[in-house]
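**Student:** fold the following and give me the result.
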Amino acid sequence: MGGGGMKVGWLLVATSLLVLVAAKPDLPRFHHPSDKPDGSLRVMVIGDWGRRGLFNQSLVAHQMGILAEKMDMDFIISTGDNFYEDGLTGIMDMAFKESFVDIYTARSLQKQWYSVLGNHDYRGDVEAQLSPVLRQMDTRWLCLRSFVVDSEIVDFVFVDTTPFVDKYFNKPGKSVYDWSGVLPREQYLSVLLNDVDLALKESTAKWKVVVGHHTIKSAGEHGNTRELGALLLPILQANHVDLYINGHDHCLQHISTVDSSIQFLTSGGGSKSWRGIVGWPNPKELKFYYDGQGFMTLEMSPIDIRAVFYDIHGNILHTWSNGKSLLSAI
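**Tutor:** All right, here's what the predicted structure looks like:
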């Protein structure tokens, strides 16, 4: 089966069969500890950005550079939709230079970028974004489908969320998606869910953070992604994940639901924003929503974590923090 007609109901059955998949996680793993004397980690998060500097992308990049220098960032995370409107046409596509290399030029942003694919990236040549040729062009660039970044006090698990979404297969409209490396879809998702589950189970880090492009919880235009809520969220909850970070909705937001300890953070304000749509059934759970451009930072230590959202002028829009005992296991 190509997976075009697959529904969430089938996937729920597939999830129960994950024990039949190979019992060792196969996600690529990168070791990137902090270089700070106290072991703390500082990370910047940006999403939905690649528009050749337009729609305030350049202004966001400028402010990122200022703050990254002030905070001495360890690395940058991209939550996907790296190149609009339809990803890259190949490894020689000038969009890579015009939307990435020539935009994030600040000295402070010459750090490693860890990126996931978004749905717009899947409309182009997916293998181009994953190619080591791009890393040779700019050593900052590292984009894979799913992988783990081990920063000692925190494990970041990056998840390829686009193949979860039924409509891209069943009702793609005029969009053409590059599903090379994904089909058969059922097998791809089953293995991926198993790998994520095992990577989180094996993690001994103080903090566990999962990064994907699509929302799990969102008050924005796209709303909740039901497939991720049905399949990925139970794995995150069972493994005591602290944060789920995404893009997709072109906004900045923080949701904390009464039925989960996970904080849902959206950083999708890298360029085109101002959708003007907000809706969440429980106002007390919507801790913050900003329908504009900006980015997010994370500061982590063995005992606490702090997330801060900024606009294109460097103004702090929202801050959230939490702590853990040094002796706590999770």
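
**Student:** alpha carbons only for contacts and neighbour counts from here, please
**Tutor:** OK.

**Student:** the stretch 51-200 of the chain: helices as residue ranges?
**Tutor:** When secondary structure is read from DSSP state H, counting those that start in this stretch, the stretch 51-200 of the chain shows helices at 57-71, 95-96, 126-130, 132-137, 167-170, 185-202.

**Student:** how about those, which one is nearest Val176?
**Tutor:** Each of these has some distance to Val176 by CA to CA; the shortest is helix 167-170, at 8.9 Å.

**Student:** tell me the buried residues in the closest one?
**Tutor:** Residues of helix 167-170 classed as buried by neighbour count (16 or more other CA atoms under 10 Å): Tyr168, Phe169.

**Student:** CA atoms of that helix as CSV?
**Tutor:** Below are the C-alpha coordinates for helix 167-170, written out as CSV (Å, rounded to 0.1, in the frame of the first residue of the first chain):
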residue,chain,number,x,y,z
LYS,A,167,-4.5,15.3,4.0
TYR,A,168,-1.1,15.6,2.3
PHE,A,169,-1.8,12.1,0.9
ASN,A,170,-5.5,12.1,0.5
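
**Student:** give me the distance from it to the chain's centre.
**Tutor:** Averaging C-alpha positions (CA atoms, centre = their mean, to the nearest Å) puts helix 167-170 21 Å from its chain's average.

**Student:** kindly report the same for stretch 104-111.
**Tutor:** 20 Å.

**Student:** what is the end-to-end distance of it?
**Tutor:** Distance between the two ends of stretch 104-111: 10 Å, counting by CA to CA, to the nearest Å.

**Student:** what do you get for stretch 285-301?
**Tutor:** Start-to-end span of stretch 285-301 (CA to CA) is 26 Å.

**Student:** could you give the mean pLDDT of it?
**Tutor:** If you average the pLDDT over stretch 285-301, you get 97.

**Student:** buried residues in it, which are they?
**Tutor:** 286, 288-301.

**Student:** cool, stretch 77-96 as well?
**Tutor:** Of the residues in stretch 77-96, those scored as buried under the neighbour-count criterion (16+ other CA under 10 Å) are 77-84, 86-91, 95-96.

**Student:** which residues does it contact?
**Tutor:** Contacting residues not belonging to stretch 77-96 are listed as 43-52, 99, 113-129, 131, 133-134, 211-213, 245-248, 267-268 [CA atoms under 8 Å, 6 or more residues apart in numbering].

**Student:** buried among those? Make that a ChimeraX selection.
**Tutor:** Buried members of these can be picked out in ChimeraX with the line below, counting by 16+ other CA under 10 Å:
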select :43,44,45,46,47,48,49,50,51,52,99,113,114,115,116,117,118,119,120,121,122,123,124,125,126,127,128,129,131,134,211,212,213,245,246,247,248,267,268
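
**Student:** can you tell me the element Ser34 falls in?
**Tutor:** Using DSSP states H and E, Ser34 sits within no helix or strand.

**Student:** if you skip the residues just before and after it, what's nearest to it?
**Tutor:** Spatial nearest neighbour of Ser34, excluding adjacent residues (CA to CA, 6 or more residues apart in numbering): Leu41 at 5.3 Å.

**Student:** export stretch 58-76 as PDB, just CAs?
**Tutor:** What follows is stretch 58-76 as a C-alpha-only set of coordinates in PDB (Å, rounded to 0.1, in the frame of the first residue of the first chain):
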ATOM      1  CA  SER A  58      15.700  39.800   7.500                       C
ATOM      2  CA  LEU A  59      14.500  41.800  10.500                       C
ATOM      3  CA  VAL A  60      13.900  38.700  12.500                       C
ATOM      4  CA  ALA A  61      17.400  37.500  11.500                       C
ATOM      5  CA  HIS A  62      19.000  40.800  12.500                       C
ATOM      6  CA  GLN A  63      17.400  40.700  16.000                       C
ATOM      7  CA  MET A  64      18.400  37.000  16.400                       C
ATOM      8  CA  GLY A  65      22.000  38.000  15.700                       C
ATOM      9  CA  ILE A  66      21.900  40.700  18.400                       C
ATOM     10  CA  LEU A  67      20.400  38.400  21.000                       C
ATOM     11  CA  ALA A  68      22.600  35.400  20.100                       C
ATOM     12  CA  GLU A  69      25.700  37.500  20.700                       C
ATOM     13  CA  LYS A  70      24.400  38.800  24.000                       C
ATOM     14  CA  MET A  71      23.400  35.300  25.300                       C
ATOM     15  CA  ASP A  72      26.200  33.300  23.600                       C
ATOM     16  CA  MET A  73      23.900  30.700  22.000                       C
ATOM     17  CA  ASP A  74      25.100  27.100  21.700                       C
ATOM     18  CA  PHE A  75      23.100  26.300  18.600                       C
ATOM     19  CA  ILE A  76      19.900  27.100  16.700                       C
END
